[in-house]
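Asks: Fold the following, please.
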Amino acid sequence: MNLSILFAPQIRAFGKAAGRQFTKAEVEAIETTMNAVASLDDAGHVRFDLGAGPVGTLDDALTMMSVGMGAPVSASTPASPIPAGSNATERAVAMNAALRTGADAHKREQAETLFRTFGNPWREGRTNRSHQGFITNTHPQLASRLRREAGVRT
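Replies: Sure, this is the predicted structure:
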């Protein structure tokens with residue numbers, strides 16, 4: 001039985017509670033994926049089958065589906081002001097640093113969540129190049145540890 005459930009309000013509320021803001025395209029992608037893996041059990045409850053067995057709660061499914069998505073919502077303006085008297089390159093570097101404030105920690109947290117949810121992507125039989133790339137780019141220390149644990153030589 002194919003389900004078509006409107007999850008957009010729950011996805012936005014989940015993102016807000018997690019301190020992330022999803023774009024319209026991200027909300028639509030998450031909603032489409034959730035509808036693809038949603039099913040009803042015998043008691044009429046919605047379950048999500050994500051390959052590692054059914055997940056019963058909406059929050060658990062959203063946690064898994066939204067890894068790597070959503071921009072962190074900053075509570076205040078960045079602390080580093082853009083220098084007024086500098087050249088264009090220095091202003092661009094300062095602006096990029098201001099925009100990244102808080103994003104690095106958020107991405108490291110997403111990499112850890114990805115690992116906790118799906119396991120070590122370097123382990124034989126669980127190889128997942130997309131997960132490897134995301135973890136390597138966002139949390140190099142975790143990537144090094146996971147490669148060592150899986151016995152991968154770099």
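Asks: Check which residues of the longest helix seen in the chain are buried.
Replies: Counting residues, the longest helix found in the chain (DSSP state H) is helix 103-118. Buried residues in helix 103-118, counted by 16 or more other Cβ atoms under 10 Å: 106-111, 114-115, 117-118. Where C-beta positions appear, they are placed from N, C-alpha and C, glycine not excepted.
Asks: Relative to residue 127, which of those is nearest.
Replies: residue 118 (11.3 Å; Cβ to Cβ).
Asks: so how far is residue 135 from the closest one?
Replies: Plainly put, residue 118 is 10 Å away from residue 135 if you go by Cβ to Cβ, to the nearest Å.
Asks: shared neighbours, those two?
Replies: Here residue 118 and residue 135 share no contacting residue, scored by Cβ atoms under 8 Å, 6 or more residues apart in numbering.
Asks: quick one: residue 108 and residue 138 touch, right?
Replies: Yes - with contacts counted by Cβ atoms under 8 Å, residue 108 reaches residue 138, the gap being 6.0 Å.
Asks: can you give me the strands in the protein?
Replies: 20-21, 38-40, 46-49, 54-55, 71-72 (DSSP state E).
Asks: Now render those strands as JSON lines, adding mean pLDDT and mean neighbour count.
Replies: Converted to JSON lines, those look like this (pLDDT from 0 to 100; neighbours: other Cβ atoms under 10 Å):
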{"stretch": "strand 20-21", "mean pLDDT": "86", "mean neighbour count": "16"}
{"stretch": "strand 38-40", "mean pLDDT": "77", "mean neighbour count": "14"}
{"stretch": "strand 46-49", "mean pLDDT": "76", "mean neighbour count": "17"}
{"stretch": "strand 54-55", "mean pLDDT": "64", "mean neighbour count": "16"}
{"stretch": "strand 71-72", "mean pLDDT": "78", "mean neighbour count": "18"}
